[in-house]
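Undergrad: just to be clear, the model below is a prediction. Sequence and coordinates:
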Amino acid sequence: MQQTLILLKPDAVQRRLVGEITGRFERKGLRLAGLKLVQAPRALAEQHYAVHKGKPFYDSLLAFLTSGPTVAMVWEGREAVAVCRTLMGLTDGAKAPPGTIRGDLALSVQNNLVHGSDSPENAALEVALWFPEGLVSVAGVDAQWVG
């Protein structure tokens with residue numbers, strides 16, 4: 001069963017879109033394995049965005065992620081990384097297709113509501129970073145219907 005990290009960024013929390021966005025992952029059939037509300041410290045944001053260090057937008061990414069509460073979640077299911085990225089849509093909300101989270105709810109490139117791991121390998125690293133305490137194991141009663 002594949003896992004992926006999803007972050008509902010401060011703009012999603014401030015705009016009160018947590019239920020709307022979370023519901024999309026649930027309705028798809030993914031299972032929630034971790035959930036918490038976090039005020040990300042700068043050190044966590046730096047680790048999370050380490051791949052972008054040195055790029056012109058790096059400091060603004062850090063400022064944005066640490067600007068307010070973030071909902072950190074781990075979702076699991078068949079092809080969870082790809083499924084979640086499809087549900088999220090393109091990074092630029094103005095170019096994301098309707099029906100996706102960003103296509104329906106975001107206009108900005110940076111303030112795009114949600115982060116999702118881009119590969120199973122990065123998902124494992126990100127889950128460990130955001131959930132060092134571990135996850136809850138849940139056996140879904142719907143497994144025979146949704147995988």
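TA: Happy to help now that I have it. Numbers count the residues shown, from 1 in each chain.
Undergrad: do a quick rundown of the strands in the chain.
TA: 2-8, 31-38, 70-77, 114-116 (DSSP state E).
Undergrad: just put those strands in JSON lines and tack on mean pLDDT.
TA: As requested, these are arranged in JSON lines below (pLDDT from 0 to 100):
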{"stretch": "strand 2-8", "mean pLDDT": "98"}
{"stretch": "strand 31-38", "mean pLDDT": "97"}
{"stretch": "strand 70-77", "mean pLDDT": "97"}
{"stretch": "strand 114-116", "mean pLDDT": "98"}
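Undergrad: right, so of these, which gets closest to Thr86?
TA: For Thr86, the closest of the strands of the chain is strand 114-116, at 9.6 Å, according to Cβ to Cβ. Glycine gets a C-beta too; all of them are placed from N, C-alpha and C.
Undergrad: list the helices and strands that closest one packs on?
TA: Applying 3 or more Cβ pairs under 8 Å, 6 or more residues apart in numbering; DSSP states H and E, we find strand 114-116 packed against strand 2-8, helix 80-88.
Undergrad: tell me which of those sits most buried.
TA: strand 2-8 (a mean of 24; mean count of other Cβ atoms under 10 Å).
Undergrad: that one pairs with which strands?
TA: Take DSSP bridges as the rule and strand 2-8 pairs in its sheet with strand 70-77 (antiparallel), strand 114-116 (antiparallel).
Undergrad: from Leu44, how far off is Ser119?
TA: The gap separating Ser119 from Leu44 is 20 Å, by Cβ to Cβ, to the nearest Å.
Undergrad: find the least confident helix or strand in the chain, judged by mean pLDDT.
TA: Using mean pLDDT, DSSP states H and E, helix 143-146 stands out as the lowest-scoring helix or strand of the chain, at a mean of 65.
Undergrad: Ser119 and Leu44: who's more crowded?
TA: Comparing Ser119 with Leu44 by neighbour count (other Cβ atoms under 10 Å), the higher total belongs to Leu44, at 18 against 13.
Undergrad: give me the spatial nearest neighbour of the more buried one, chain neighbours excluded.
TA: Excluding its sequence neighbours, the residue lying closest to Leu44 (Cβ to Cβ, 6 or more residues apart in numbering) is Leu129, at 7.1 Å.
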